[in-house]
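A.B. asks: the sequence isn't on hand, but the structure is:
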Ligand code: ATP
Ligand code: MG
């Protein structure tokens, strides 16, 4: 992409409404613009990052055996009246009427709808286990939308739902998702700490939240730093027994929790130098709630004995749009964002220091073409402006690598290569610079 043709409106000044780094940088780096409290437009670069996160989520869902669907944002109130949640959900749910006077709502979550979809087409245990998910916008009329996309009113969520014939099978499905979430967050460059949680308005008896460390987080998290080295984050678990063992280990051995009675355990078991007490942002939340929705909505399957039984369900959420903010909270410095390479909006930035110099233009165009061909997805800053502004903008948007080409170095066939994370700069022959980027 050429910056001169890209809608990437950066801002020099810090917007007054932004209290935390990610919100400031998302506005300043031209990723989002607010339209109303907690409601945002995603501009091209923000949307690109959001899509990359969604694609990693999809990839890990496929690996875990889930099927992607797409349910609507607008729902009829009827199913919610049947489940009893229409009144229970409270003022966070946005309700309205269609032209025929029927009560509708903008979905804050989809347990009822997916249960209805399931019951119409699945009648036998032979079709189970089943896990269906979608990545769709939600609306929750939060009392205090804040921190930009971290607590919006409209936000993008991956919500998945598992269906099993009995409790035992459903718990295994839950554990599979638990492990797949750790992997998903790790691929996004994050160590998510699983923490036992309240089941809240979703209801049920087994629930975990996944928290990432951030100074501005809303909850307190205690954990053993050894958790990040657990092999469940990266290795494939090949059998159910291995999966169960990993789940048990991760939910007990690292003894991380914000419940006072359990922090005593934390104090006793974890060596002093591995104890971490920090703030956390919730990026995922999973629930096993049994037959809470299948019973009232009549979603039954026949079991191996030929009896009709209500299906056992779980639901699994990832805050896809919140993750954009969360990842920035975990990856920034005073100059701007530092993207983990997996989700960086572009693989490499190229700064043309002198756009009125024919040799500079030619060299930049050639490098841009080579980087594109090599799949590095470059962003070429070909704007006619002063170097200082270009450097500052490039730091702000945080691409992992920046190549600078100016008339002085070019005379000797050299370019400057900078690593955004380490700040390390080196002069590299123009002919070798892309190989250095690819080699990481
Ligand atoms: P929170 O405790 O932060 O209010 P929640 O428990 O109400 O979240 P869930 O129903 O568990 O949220 O939703 C699943 C995920 O969706 C959360 O883990 C979070 O990452 C994301 N999420 C929830 N509410 C918001 C919001 N207002 N803005 C952005 N993301 C959100
Ligand atoms: Mg939650």
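C.D. replies: That came in fine, so what should we check first? These figures come from a predicted structure and were not determined experimentally. Ligands and ions are numbered 1, 2, ... in the order given.
A.B. asks: tell me the contacts of residue 226?
C.D. replies: 254, 274 (CB atoms under 8 Å, 6 or more residues apart in numbering). For every residue, glycine as well, the C-beta is placed using N, CA and C.
A.B. asks: in the chain, where's the longest strand?
C.D. replies: Ranked by residue count, the top strand of the chain under DSSP state E comes out as strand 275-290.
A.B. asks: A strand includes residue 18, no?
C.D. replies: No: if the criterion is DSSP: H, G, I helix; E, B strand; the rest coil, then residue 18 is coil and not within a strand.
A.B. asks: can you pull the contacts of it?
C.D. replies: By CB under 8 Å, 6+ apart, residue 18 lies in contact with 24, 27, 148.
A.B. asks: give the burial count for the first one, as a bare number.
C.D. replies: Pointing back at residue 24 there. Counted by other CB atoms under 10 Å, the residues lying close to residue 24 total 19.
A.B. asks: mind listing what's buried in the longest strand of the chain?
C.D. replies: Taking 16 or more other CB atoms under 10 Å as the neighbour-count basis, strand 275-290 is seen to contain the buried residues 275-276, 278-290.
A.B. asks: re the thing from before, pipe the contacts of residue 18 into JSON lines and attach pLDDT and distance to residue 396 per row.
C.D. replies: Converted to JSON lines, the contacts of residue 18 look like this (pLDDT from 0 to 100; distance: CB to CB, whole Å):
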{"residue": "24", "pLDDT": "97", "distance to residue 396": "10"}
{"residue": "27", "pLDDT": "98", "distance to residue 396": "11"}
{"residue": "148", "pLDDT": "96", "distance to residue 396": "16"}
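A.B. asks: those into a markdown table, with extra columns for secondary structure?
C.D. replies: As requested, the contacts of residue 18 are arranged in a markdown table below (three-state DSSP):
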| residue | secondary structure |
| --- | --- |
| 24 | helix |
| 27 | helix |
| 148 | helix |
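A.B. asks: ok, of those residues, which one's closest to residue 51?
C.D. replies: Distances from residue 51 to the contacts of residue 18, taken as CB to CB, are shortest for residue 148 (18.1 Å).
A.B. asks: so the closest one sits against residue 27, correct?
C.D. replies: Yes: shown here, residue 148 and residue 27 form a contact pair, counting by CB atoms under 8 Å, at 7.4 Å.
A.B. asks: those two: which has the busier surroundings?
C.D. replies: When neighbours are counted by other CB under 10 Å, residue 148 comes out ahead of the other of residue 148 and residue 27, with 28 against 23.
A.B. asks: separation between that one and residue 135?
C.D. replies: 20 Å (CB to CB, to the nearest Å).
A.B. asks: then residue 15?
C.D. replies: In terms of CB to CB, residue 15 sits 28 Å off from residue 135.
A.B. asks: how about the protein: which residue is closest to ligand 1?
C.D. replies: Ligand 1 sits closest to residue 319 of the chain, with a gap of 2.2 Å, by CB to the nearest ligand atom.
A.B. asks: and that residue, how many residues sit next to it?
C.D. replies: Residue 319 has 25 neighbouring residues, counting by other CB under 10 Å.
A.B. asks: same question, residue 96
C.D. replies: A total of 11 residues lie near residue 96 under the criterion other CB under 10 Å.
A.B. asks: give me the nearest residue to it, chain neighbours excluded.
C.D. replies: residue 104 (5.6 Å; CB to CB, 6 or more residues apart in numbering).
A.B. asks: the helices in the stretch 151-300 of the chain, which residues?
C.D. replies: For the stretch 151-300 of the chain, the helices defined by DSSP state H, counting those that start in this stretch cover 167-187, 240-248, 260-269, 294-297.
A.B. asks: got the buried residues for the first one?
C.D. replies: Across helix 167-187, burial judged by 16+ other CB under 10 Å covers 169-187.
A.B. asks: try the shortest one
C.D. replies: The neighbour-count criterion (16+ other CB under 10 Å) identifies 294, 296-297 as the buried residues of helix 294-297.
A.B. asks: what of the second one?
C.D. replies: Of the residues in helix 240-248, those with enough neighbours to count as buried (16+ other CB under 10 Å) are 243, 246-247.
A.B. asks: show residues contacting it.
C.D. replies: With CB under 8 Å, 6+ apart as the contact definition, helix 240-248 has outside contacts at 172, 175-176, 178-179, 230-232, 237.
A.B. asks: specify the angle between it and helix 167-187 in degrees.
C.D. replies: Angular relation of helix 240-248 and helix 167-187 on a 0 to 180 degree scale: 70 degrees, by axes from the mean of the first three to the mean of the last three CA atoms, to 10 degrees.
A.B. asks: what mean pLDDT does helix 240-248 get?
C.D. replies: Rounded to a whole number, the mean pLDDT of helix 240-248 is 93.
A.B. asks: more neighbours: which of residue 15 and residue 135?
C.D. replies: More crowded of residue 15 and residue 135, by other CB under 10 Å: residue 135, with 22 against 13.
A.B. asks: which non-adjacent residue is nearest that one?
C.D. replies: Among residues not flanking residue 135 along the chain, residue 158 sits closest, at 4.8 Å (CB to CB, 6+ apart).
A.B. asks: pretty sure that neighbour is touching residue 138, no?
C.D. replies: No: taking CB under 8 Å as the definition, residue 158 is not a contact partner of residue 138, at 10.4 Å.
A.B. asks: check the separation of the first and last residues in stretch 193-208.
C.D. replies: End-to-end distance for stretch 193-208: 10 Å, by CA to CA, to the nearest Å.
A.B. asks: typed the wrong thing, it's stretch 216-233
C.D. replies: Length of stretch 216-233, first residue to last, CA to CA: 25 Å.
A.B. asks: that one: which residues count as buried?
C.D. replies: Applying 16+ other CB under 10 Å to stretch 216-233 flags 216-217, 221-224, 227, 230, 232-233 as buried.
A.B. asks: what does stretch 373-389 give?
C.D. replies: When neighbours are counted by 16+ other CB under 10 Å, the buried residues of stretch 373-389 are found to be 376, 378-383.
A.B. asks: distance from the chain centre to that stretch, please.
C.D. replies: Between the mean C-alpha location of stretch 373-389 and the chain-wide mean there is a distance of 27 Å, by CA atoms, centre = their mean, to the nearest Å.
A.B. asks: kindly check the end-to-end length of that stretch for me.
C.D. replies: Criterion CA to CA; first-to-last residue distance in stretch 373-389 is 28 Å.
A.B. asks: what parts of this structure come near ligand 1?
C.D. replies: Residues of the chain found near ligand 1, taking CB under 6 Å from any ligand atom as the criterion, are 109, 140, 142, 151-152, 155, 157, 200, 282-285, 317, 319, 321-322.
A.B. asks: so which of these comes closest to residue 345?
C.D. replies: Closest approach to residue 345 among these (CB to CB): residue 321, at 15.1 Å.
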